[in-house]
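Student: Turn this into a model:
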Amino acid sequence: MDELLKHCTLCPRNCGVDRIMGQRGVCGAGNVVKAARAALHFWEEPCISGERGSGTVFFSYCGLQCVYCQNRAISRGQSGKEISTVRLAEIFLELQQKGAHNINLVTPTHYIPQIVEAVKKAREAGLFVPVVYNTSGYEKPESVALLRGIVDIYLTDFKYMDKGLSLKYSGTSDYAEWAKLALHEMVSQTGGAVFDGEGMMKKGVIVRHLLLPGCLSDAKKIVSYLFETYQNGIIYSLMNQYTPMRGLESVPELCRKVTEEEYETLVDYAVELGVENGFIQEGGTAEESFIPPFDNEGI
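Tutor: You can find the predicted model right below:
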């Protein structure tokens, strides 16, 4: 584990910093896991949240740093508490004990080595529910490869196809390049989706796309690429929940919600392509009240 943190290139930023010695890269994470919430979460896709909730661990820091981030309190590291890998394994087991359908790791990339260790410890102690890797999609395939046999379900974003949009909104022009490579590795690990008798996902890949205001054309390119490459071998999740947050003065075009017409056009486009396996959202999802409190519950 230490070797991966001494010259950290876990994500495509390839900062190369020595996190063991206290250096920080773009994400801001150190060598100790920091998390801000571990609780049952009911706002994921139905096959993830189910009736009992998803056992969600929200990690602090993020390597992508989107200007419109809805979880800014944790992505910038303002909230959270440092914990050991032993404690992280205990948290997984506690969530399982509470009835969680799965263990859901949110923004986990910069803690891959610690997560691998914690999942192994937890499984030795009785963890049996699936592990969900909930990511922005900005991943290196070789880092995702470290999760083979650890992660059962990949819940990944595909945010942009256009280099200009990804540079403007997330500070990197190579998002799509890495998202494609990482997704290929995820699908190769999991194969087709597997569900239990209650409709809960046990294995597979869900690809989310959050439609941004004015970005319908790029969204269509993403859905087209995904369908041409994977057809219905993945689960699609088209989201309309974009919520304008404070501090968007530099990108005024993002200071509004997505219109019903924009979203319905995207959904219709996906259906026309032949997308059959997917989730869509109805009105009322674009609200700040859906953002959980990052108050160290369960940590």
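Student: Show me the helices in this protein, by range?
Tutor: Applying DSSP state H to the chain gives helices spanning 2-6, 46-49, 72-75, 85-97, 112-124, 141-145, 163-170, 175-190, 216-230, 260-273.
Student: okay, the ones you listed in a markdown table with distance to F59 and mean pLDDT next?
Tutor: For the C-beta atoms, the positions are set from N, CA and C on the backbone; glycine is no exception. Converted to a markdown table, those look like this (distance: least, Cβ to Cβ, whole Å; pLDDT from 0 to 100):
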| stretch | distance to F59 | mean pLDDT |
| --- | --- | --- |
| helix 2-6 | 15 | 92 |
| helix 46-49 | 17 | 97 |
| helix 72-75 | 7 | 91 |
| helix 85-97 | 10 | 98 |
| helix 112-124 | 9 | 98 |
| helix 141-145 | 15 | 98 |
| helix 163-170 | 18 | 98 |
| helix 175-190 | 18 | 98 |
| helix 216-230 | 25 | 98 |
| helix 260-273 | 29 | 97 |
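Student: Would you mind giving those as a markdown table with distance to D152 and mean neighbour count added?
Tutor: Below are these laid out as a markdown table (distance: least, Cβ to Cβ, whole Å; neighbours: other Cβ atoms under 10 Å):
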| stretch | distance to D152 | mean neighbour count |
| --- | --- | --- |
| helix 2-6 | 22 | 14 |
| helix 46-49 | 11 | 20 |
| helix 72-75 | 24 | 21 |
| helix 85-97 | 13 | 19 |
| helix 112-124 | 10 | 20 |
| helix 141-145 | 13 | 17 |
| helix 163-170 | 27 | 18 |
| helix 175-190 | 7 | 20 |
| helix 216-230 | 18 | 17 |
| helix 260-273 | 26 | 15 |
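Student: Include distance to G197 when you put those helices into CSV, please.
Tutor: Rendered in CSV, the data for these read as follows (distance: least, Cβ to Cβ, whole Å):
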stretch, distance to G197
helix 2-6, 39
helix 46-49, 12
helix 72-75, 35
helix 85-97, 19
helix 112-124, 23
helix 141-145, 29
helix 163-170, 39
helix 175-190, 20
helix 216-230, 25
helix 260-273, 28
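Student: out of those, which comes closest to V131?
Tutor: Closest to V131 of the helices of the chain, according to Cβ to Cβ: helix 112-124, at 5.9 Å.
Student: Which elements pack onto the closest one?
Tutor: Contacts defined by 3 or more Cβ pairs under 8 Å, 6 or more residues apart in numbering; DSSP states H and E place helix 112-124 against helix 2-6, helix 85-97, strand 103-106.
Student: With distance to G50 as added columns, please give those in a markdown table.
Tutor: Listed next are those as a markdown table, based on distance: least, Cβ to Cβ, whole Å:
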| stretch | distance to G50 |
| --- | --- |
| helix 2-6 | 33 |
| helix 85-97 | 13 |
| strand 103-106 | 11 |
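Student: Select, out of the ones you listed, the one closest to N71.
Tutor: strand 103-106 (8.0 Å).
Student: Run through who's touching the closest one.
Tutor: 41, 44, 48, 54-59, 71, 92, 95-96, 115, 119, 122, 127, 129-134, 155 (Cβ atoms under 8 Å, 6 or more residues apart in numbering).
Student: What pairs with that strand, parallel or antiparallel?
Tutor: Here strand 103-106 has these sheet partners by DSSP bridges: strand 54-59 (parallel), strand 131-135 (parallel).
Student: now the first one: how far from the chain's centre is it?
Tutor: On the basis of Cα atoms, centre = their mean, to the nearest Å, strand 54-59 is displaced by 11 Å from the centre of the chain it belongs to.
Student: now the shortest one
Tutor: Chain-centre distance of strand 131-135: 6 Å, with Cα atoms, centre = their mean.
Student: same deal with stretch 229-241?
Tutor: 14 Å.
Student: for that stretch, which positions count as buried?
Tutor: Neighbour-count burial for stretch 229-241, counted by 16 or more other Cβ atoms under 10 Å, picks out Y230, G233, I234, I235, Y236, S237, L238, M239, N240, Q241.
Student: Could you export the strands paired with strand 103-106 as TSV, including distance to C255, mean neighbour count and mean pLDDT?
Tutor: Compiled in TSV, the strands paired with strand 103-106 are given as follows (distance: least, Cβ to Cβ, whole Å; neighbours: other Cβ atoms under 10 Å; pLDDT from 0 to 100):
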stretch	distance to C255	mean neighbour count	mean pLDDT
strand 54-59	26	28	98
strand 131-135	26	24	98
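Student: okay if I get those as JSON lines plus distance to L212?
Tutor: JSON lines is the format used below for the strands paired with strand 103-106 (distance: least, Cβ to Cβ, whole Å):
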{"stretch": "strand 54-59", "distance to L212": "22"}
{"stretch": "strand 131-135", "distance to L212": "18"}
